[in-house]
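Asker: Using only what follows, build the 3D model:
(2 chains, ligands or ions: 2)
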Amino acid sequence: MKLFNHLRTLNTHHRILRNRFHPLFNNTNFFSDASSPQQSTTPHVQQPSPPSSLNRNELAKFAAIAESWWDFDGPFKPLHVMNPTRLAFIRSALCRHFKKDPYSAKPLEGLKIADVGCGGGILSEPLARMGATVTGIDAVEKNINIARLHAESDPATSTIEFCCTTAEKLVEEGRRFDAVMALEVIEHVAEPAEFCKSLAALTIPDGATIISTINRSMRAYATAIVAAEYILRWLPMGTHEWSSFLTPEELVLILQRAGINVEEMAGFTYNPVTGRWSLSDDISVNFIAMGTKTNNTE
Amino acid sequence: MNKVMKKTVSNVCALKIPRKFFCSETVKVAGSTDFVPSNEHEKRPIISEVIPEYDIAIVGGGMVGMSLACFLASMPMTKQLSVAIIDSNPALGSGISIQREDPPDPRVSTVTPASISFLQDAGAWKYVEQNRHAYFKKMQVWDYTGFGYARYDAGDVNKDFLGCVAENKVLHSALLSCVKDSDFKTTFYPLRLTSMTLNTNSMSTVKESIPSKELPSAQGHTSKLQLSDGSSIYAKLVVGADGGKSRVRELAGFKTTGWNYSQNAIICTVEHTSANHCAWQRFLPSGPIALLPMGDNFSNIVWTMSPTESNDRKSITEEMFLKDVNSALDDGHGPHPMSSSLGTRDLFSWLKMDATLSANEFFEIPPKAIRMASKRMVFPLSLRHANSYASKRVVLIGDAAHTIHPLAGQGVNLGFGDAFSLSRVIAEGIALGSDIGEVNLLKKYETDRKPANVAMMALLDGFQKAYAVDFGPFNFLRAAAFNGANLISPLKRRIISYASGENKLPIFFGA
Ligand SMILES: Cc1cc2nc3c(=O)[nH]c(=O)nc-3n(C[C@H](O)[C@H](O)[C@H](O)COP(=O)(O)OP(=O)(O)OC[C@H]3O[C@@H](n4cnc5c(N)ncnc54)[C@H](O)[C@@H]3O)c2cc1C
Ligand SMILES: C[S@@+](CC[C@H](N)C(=O)[O-])C[C@H]1O[C@@H](n2cnc3c(N)ncnc32)[C@H](O)[C@@H]1O
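Answerer: Ligands and ions are numbered 1, 2, ... in the order given. Below you'll find the predicted structure:
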């Protein structure tokens, strides 16, 4: 019961935040799928082509804190702290799938990877250092600028291609990748199922798709929202909206419908004492899934 | 101040960036208004010489710096790294090969089984075995009061040996050979580091025009090192392995905590009529004296005493010094411990069932030194510890991070432990695509090593203090503790394995 009250306060909070973020819309640039040059505030009209994955409230939140992407103690601290753990999963899953040498320093050499919703490039950079040819895309232009600037300073990452665009737009352009990543993005998009279809369309047959997100469980609510946003002040309040979270079952299902078979899944568990994350089979809070695209579906 | 800067910047952005556009083409335009275009720095005069860039610059190619190079050369993840080793020590460049017949060096290290296994895995230990070295199976510790003694045997812990003593030059040349015989890409610079600019890179001109507060980490991927001949190199990671007076530590601004003891150690090498196979240590009123086997008929002496005593003993004739040594290791300052004389054994006799073999061994008198085999060197005892080992693009290992007195012969083991840990952290970072100079990664090394090093230092400090003072009647308790330790075998096993570097909490006991 207490939780419900919490939830209600939280919702009010979100409304407040949304209003507070509203003025930002004027000077923040997002990639737009609309054909009209002037973005109107009218409710989103369904397009004939795949609907937009853009959720403007969510994007405004990210644009507001874009400067701090590479501040390890800033709002994106959880992503930085979690990075080695999720990269360990990605490395071993991709090495297994693409039969790459796990003892190589650059095991991903020869693989084209798309990092959808790359933000400041926290994931794109290590992938490039592991040898992959990386394309990082994000709907927030500020993020892309930060990502580009940061990656430029190291020859090992300066080859990353960063574009301010969306997954559906890349599909339209006919781009294809050996592996497609969308880490901590799906909970911020407008149409998760459609978004997964775009990810699938970007993946070559037999390629890999990797998604990580937060579970819609009570424990996730307590950990991610209450702890991360309110108590630890890791994330700016309002970064997550509980209702938009997917459970692992739901994710597996929508990926299946998009033509992706989930083959591996792992949970991330946080140890507050050591301050480190580790991979486990507990998927009740944060989880990561790797699927392969079945040949028949497009 | 920062706030002001931030504000100004956002105002500039607000002015410069058109308020409405929503497609990828315009994004690029916005990008170039926001930040200095990349072609601008191309117009600037570029320094004519090409400055070489390395993944890692190891400043100081002593035993610890060279061990890091060996560890990096031996792992698949790290062996493709490009490494620069900067040290003006001529032993590095010339590759002077040492001969077994050469006179022994007074500077030796007691290498623990844990360090030996690191060096074996890296392929360096076999070179040590080609030169003079001495494994020892036994250790005897006693004091001048005559009340007790303790003997340790490798067999008690199912080991073949307790440690191995090797001259520093033997260890150093083994590590050098190991690196040179591998296909590891190392470049030796026979120079000294003079200064260092952190967080810069060849493209820094672009970055400098961006207020650094806005983009805390976007300041480049290398440090610039200036060398004593005026040349420079870039490195993603600078490793300070440049010893107790570390220049890297100073330049990077790491603070240290430490103190000097009003005690000195005399170090020298002596010869016996036959080989010594045991490590001996006796506590005297002014400090401990250790006799360590070195191979052939040589032993090394590490003798701690007051500065005045040490100055006297350094200047007396060799004959007189040998006489002092032999007396200090025999019945000078007090009688031999006679286990039966006080009945301490009987006191613990109920424990005897559990007693190990060496507990039944009797006290022995160390072999006599018949000749001096090196000059006498005197060093003040001091303790120094860097408050932090890692910051962005810089990390400290070995004596640069912590200096302990030679009493324990543990100095280099702590350093090997550091180098080993750092090499694993770098390998893990490479496996996961991290920037190897990233402070978050380097802090893992610090977290791994600091507690072990601090524990060892605290222990040695306590140890030193305990023996620097003559406690009078309390010496009896100390002696009882020795005898107790000698008889209670499980406890003793623990003590040995701590001393041999296997456990997390290293307790030094003996030489
Ligand atoms: C006098 C003395 C006696 C000791 N006796 C013993 C003993 O008996 N047993 C024992 O276990 N331990 C002993 N120790 C400790 C042991 O020698 C050290 O712990 C060990 O040598 C540490 O190795 P290191 O590689 O960290 O430093 P060092 O061996 O000091 O090596 C540092 C290297 O860095 C180089 N260097 C320094 N400054 C620069 C610069 N600016 N640019 C480039 N290169 C630079 C030096 O030329 C040197 O080669 C003794 C130490 C000292 C000082
Ligand atoms: C929590 S961040 C994750 C960043 C990055 N993937 C990581 O894990 O380090 C979510 C990112 O997704 C971006 N994003 C949200 N919706 C998007 C969409 N529909 N298309 C592309 N990017 C989107 C946001 O701008 C933000 O940078």
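Asker: remind me which residues of the stretch 101-250 of chain A are low pLDDT?
Answerer: For the stretch 101-250 of chain A, the stretches with pLDDT under 70 are A:216-244.
Asker: residue ranges for the helices of it, please.
Answerer: Assigned by DSSP state H, counting those that start in this stretch, the helices in the stretch 101-250 of chain A fall at A:124-129, A:141-152, A:167-172, A:192-202, A:218-220, A:248-257.
Asker: Of those, which is nearest residue B:432?
Answerer: For residue B:432, the closest of the helices of the stretch 101-250 of chain A is helix A:124-129, at 6.1 Å, according to C-beta to C-beta. No exception for glycine: its C-beta is placed from N, CA and C like everyone else's.
Asker: Does chain B have contacts with that closest one?
Answerer: Yes. Using C-beta under 8 Å from any C-beta of the partner chain, helix A:124-129 reaches chain B at A:125-129.
Asker: can I get the CA coordinates of that helix in PDB?
Answerer: Taking Å, rounded to 0.1, in the frame of the first residue of the first chain, the C-alpha atoms of helix A:124-129 are listed here in PDB:
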ATOM      1  CA  SER A 124      30.500   2.400 -28.700                       C
ATOM      2  CA  GLU A 125      34.100   3.200 -27.700                       C
ATOM      3  CA  PRO A 126      35.000  -0.100 -26.000                       C
ATOM      4  CA  LEU A 127      33.300  -2.000 -28.900                       C
ATOM      5  CA  ALA A 128      35.600  -0.100 -31.300                       C
ATOM      6  CA  ARG A 129      38.600  -0.800 -29.100                       C
END
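Asker: how near is the closest residue to chain A within the stretch 401-511 of chain B to residue A:156?
Answerer: In the stretch 401-511 of chain B, no residue comes nearer to chain A than residue B:433, which is 2.7 Å away by C-beta to the nearest C-beta. As judged by C-beta to C-beta, to the nearest Å, residue B:433 and residue A:156 stand 9 Å apart.
Asker: Could you point out the longest strand of chain B?
Answerer: Across chain B, the longest stretch assigned as strand under DSSP state E is strand B:256-271.
Asker: Neighbouring strands - and their directions - for it?
Answerer: For strand B:256-271, the pairing partners within the sheet under DSSP bridges are strand B:298-305 (antiparallel), strand B:371-372 (antiparallel), strand B:377-386 (antiparallel).
Asker: So what are the sheet partners of the helix or strand that it is followed by and their directions?
Answerer: Where DSSP states H and E defines the elements, the next helix or strand beyond strand B:256-271 is strand B:278-284. With DSSP bridges as the test, strand B:278-284 is paired with strand B:138-143 (parallel), strand B:287-295 (antiparallel).
Asker: Determine which stretch of those strands is the most buried.
Answerer: Greatest average neighbour count among those goes to strand B:287-295 (a mean of 25), per mean count of other C-beta atoms under 10 Å in any protein chain shown.
Asker: Contacts for that one, please.
Answerer: B:104, B:108, B:110, B:132-134, B:136, B:165-167, B:263, B:269-270, B:275-282, B:299-306, B:325, B:328-329, B:366, B:369, B:407, B:409, B:467-468, B:510-511 (C-beta atoms under 8 Å, 6 or more residues apart in numbering or on different chains).
Asker: Can I get the buried ones among those as something I can paste into ChimeraX?
Answerer: To isolate the buried members of those in ChimeraX, using 16 or more other C-beta atoms under 10 Å in any protein chain shown:
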select /B:104,108,110,132,133,134,136,165,166,167,263,269,270,276,278,279,280,281,282,299,300,301,302,303,304,305,325,328,329,366,369,407,409,467,468,510,511
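Asker: quick check, residue B:83 in a strand?
Answerer: Yes. Judged by DSSP: H, G, I helix; E, B strand; the rest coil, residue B:83 forms part of a strand.
Asker: Tell me which residue of the stretch 1-150 of chain B lies closest to ligand 1.
Answerer: Going by C-beta to the nearest ligand atom, ligand 1 is nearest to residue B:62 of the stretch 1-150 of chain B, at 2.3 Å.
Asker: pretty sure that residue contacts residue B:88?
Answerer: No. Taking contacts as C-beta atoms under 8 Å, residue B:62 lies outside contact range of residue B:88: 11.7 Å.
Asker: Neighbour count: those two, which is higher?
Answerer: Using other C-beta atoms under 10 Å in any protein chain shown, the more surrounded residue of residue B:62 and residue B:88 is residue B:62, with 24 against 14.
Asker: The more buried one: what's it in contact with?
Answerer: The contact partners of residue B:62, taken as C-beta under 8 Å, 6+ apart, are B:87, B:89, B:172, B:241-243, B:398-399.
Asker: gap between it and residue B:148?
Answerer: Distance, residue B:62 to residue B:148, using C-beta to C-beta: 38 Å.
Asker: now swap in residue A:202 and tell me
Answerer: Computed with C-beta to C-beta, the distance linking residue A:202 and residue B:148 is 76 Å.
Asker: Same question for residue A:153.
Answerer: According to C-beta to C-beta, residue A:153 stands 63 Å off from residue B:148.
Asker: before we move on, back to that, phi and psi next, for the residue of the stretch 1-150 of chain B closest to ligand 1.
Answerer: Backbone torsions of residue B:62, given as degrees, to the nearest 10, read phi -80, psi -160.
Asker: quick one: pLDDT of it?
Answerer: Residue B:62 carries a pLDDT value of 96.
Asker: before we move on, what about the one 5 residues further on?
Answerer: Listed pLDDT for residue B:67 reads 98.
Asker: Hmm, it is touching residue B:176, no?
Answerer: No. In this structure, residue B:67 is not within contact of residue B:176 by C-beta under 8 Å, at 10.5 Å.
Asker: any idea how far ligand 1 is from residue A:260?
Answerer: 53 Å (C-beta to the nearest ligand atom, to the nearest Å).
Asker: Secondary structure element for the closest residue to that residue other than its chain neighbours, which one?
Answerer: Distance criterion C-beta to C-beta, 6 or more residues apart in numbering or on different chains; nearest residue to residue A:260, sequence neighbours excluded, is residue A:291 at 4.0 Å. Using DSSP H and E, residue A:291 falls within strand A:286-293.
Asker: For that strand, name the packing helices and strands.
Answerer: Contacting strand A:286-293 under the criterion 3 or more C-beta pairs under 8 Å, 6 or more residues apart in numbering or on different chains; DSSP states H and E are the following elements: helix A:77-98, strand A:203-214, helix A:248-257, strand A:260-271.
Asker: Ligand 1 contacts on the stretch 101-250 of chain B?
Answerer: Within reach of ligand 1 by C-beta under 6 Å from any ligand atom, the stretch 101-250 of chain B has these residues: B:107-110, B:192-193, B:241-244, B:247.
Asker: so which of those comes closest to residue B:374?
Answerer: Using C-beta to C-beta, residue B:107 is the member of these that lies nearest residue B:374, at 9.1 Å.
Asker: for the residue lying closest to the closest one once chain neighbours are set aside, what are its contacts?
Answerer: Using C-beta to C-beta, 6+ apart and skipping residues adjacent in sequence, the residue nearest residue B:107 is residue B:168, 4.3 Å away. Each residue near residue B:168 by C-beta under 8 Å, 6+ apart is listed here: B:63, B:105, B:107-109, B:412.
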